[in-house]
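1. what follows is a predicted protein model with its sequence.
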Amino acid sequence: MDTIEKKSLKFISFFESCKIKGKIRYCIYFTAISFLLSMSTIALAPIDEGSAPIRVSFFSAVIFAPIFETFLFQALPFSIARRLNFNVWSKLMVMTVPFAILHYHNGVVSIVNALFGGLILGASFIVWEKDSYRDAFIVLTAIHGLHNLVVEGIIRGLSFLVDFI
């Protein structure tokens, strides 16, 4: 086994050890980690004065995007990678890199942030899929949705403060 694969398995084992706390704690824990890793992107995000109404933005960011992106960037690539007998590192990359590229909206900083988020989501999918595909999908959608809820709330809050000042 090569060094990259050993490190990948060690990385996955960390996620596996957090799983014993249950789905809700796991989701909260990794939402917090992904949020902390994304603080630089939030600070650099432009405040869009012409943004969509809150209801549309909420539905899109917190409900639709997590479901769609979990299917397109974690579930589908994982299924293909598993059928092709990819190792853990390759599975993580197949799930993470396209997810990161999709999030290019604020430049390279967003891609780096999405790489961290994609690694969290990819590792979580690998860990939870061992129990069931359904559990993996639900956990990932919850982590992604909660992350987007927090980020959307902060960006909306900053927008409100800029308008207020």
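-> Perfect, thanks for sending it. Numbering: from 1, shown residues only.
2. only C-alpha atoms for contact and neighbour calcs from this point on.
-> Fine.
3. what's the separation between residue 91 and residue 138?
-> Separation of residue 91 from residue 138 (Cα to Cα, to the nearest Å) stands at 19 Å.
4. comparing these two, which shows the higher neighbour count?
-> Higher neighbour count among residue 91 and residue 138: residue 91, with 22 against 18, using other Cα atoms under 10 Å.
5. who's in contact with the more buried one?
-> Residues in contact with residue 91 (Cα atoms under 8 Å, 6 or more residues apart in numbering) are 77-78, 81-82, 122.
6. cool, and residue 32?
-> Taking Cα under 8 Å, 6+ apart, we find residue 32 in contact with residue 147.
7. so which strand or helix has residue 15?
-> Under the criterion of DSSP states H and E, residue 15 resides in helix 3-18.
8. now the residue lying closest to residue 75 once chain neighbours are set aside: how far from residue 36?
-> Among residues not flanking residue 75 along the chain, residue 137 sits closest, at 7.2 Å (Cα to Cα, 6 or more residues apart in numbering). Residue 137 is 23 Å from residue 36, where distance means Cα to Cα.
9. those two: who's more crowded?
-> residue 137 (20 against 12).
10. now name the helix or strand holding that one.
-> Residue 137 belongs to helix 133-164, assigned by DSSP H and E.
11. how about residue 115?
-> Here residue 115 is assigned to helix 108-129, by DSSP H and E.
12. helices or strands up against that helix?
-> If you count contacts as 3 or more Cα pairs under 8 Å, 6 or more residues apart in numbering; DSSP states H and E, helix 108-129 packs onto helix 3-18, helix 23-37, helix 39-44, helix 88-102, helix 133-164.
13. residue 59 is nearest to which of those helices?
-> Closest of the helices and strands packed on helix 108-129 to residue 59 is helix 133-164, at 9.8 Å (criterion: Cα to Cα).
14. from the middle of its chain, how far away would that closest one be?
-> From the chain centre to the centre of helix 133-164 is a distance of 10 Å (Cα atoms, centre = their mean, to the nearest Å).
15. who are the packing partners of it?
-> helix 23-37, helix 65-70, helix 108-129.
16. circling back to that earlier point, what angle separates the helix holding residue 137 from helix 108-129?
-> Counting by axes from the mean of the first three to the mean of the last three Cα atoms, to 10 degrees, helix 133-164 lies at 150 degrees to helix 108-129.
17. what mean pLDDT does helix 133-164 have?
-> Helix 133-164 shows a mean pLDDT of 82.
18. how about that helix: buried residues?
-> 135-149, 151-152, 155-156, 159 (16 or more other Cα atoms under 10 Å).
19. what do you get for stretch 10-22?
-> By 16+ other Cα under 10 Å, the buried positions in stretch 10-22 come out as 11-12, 15, 18-19.
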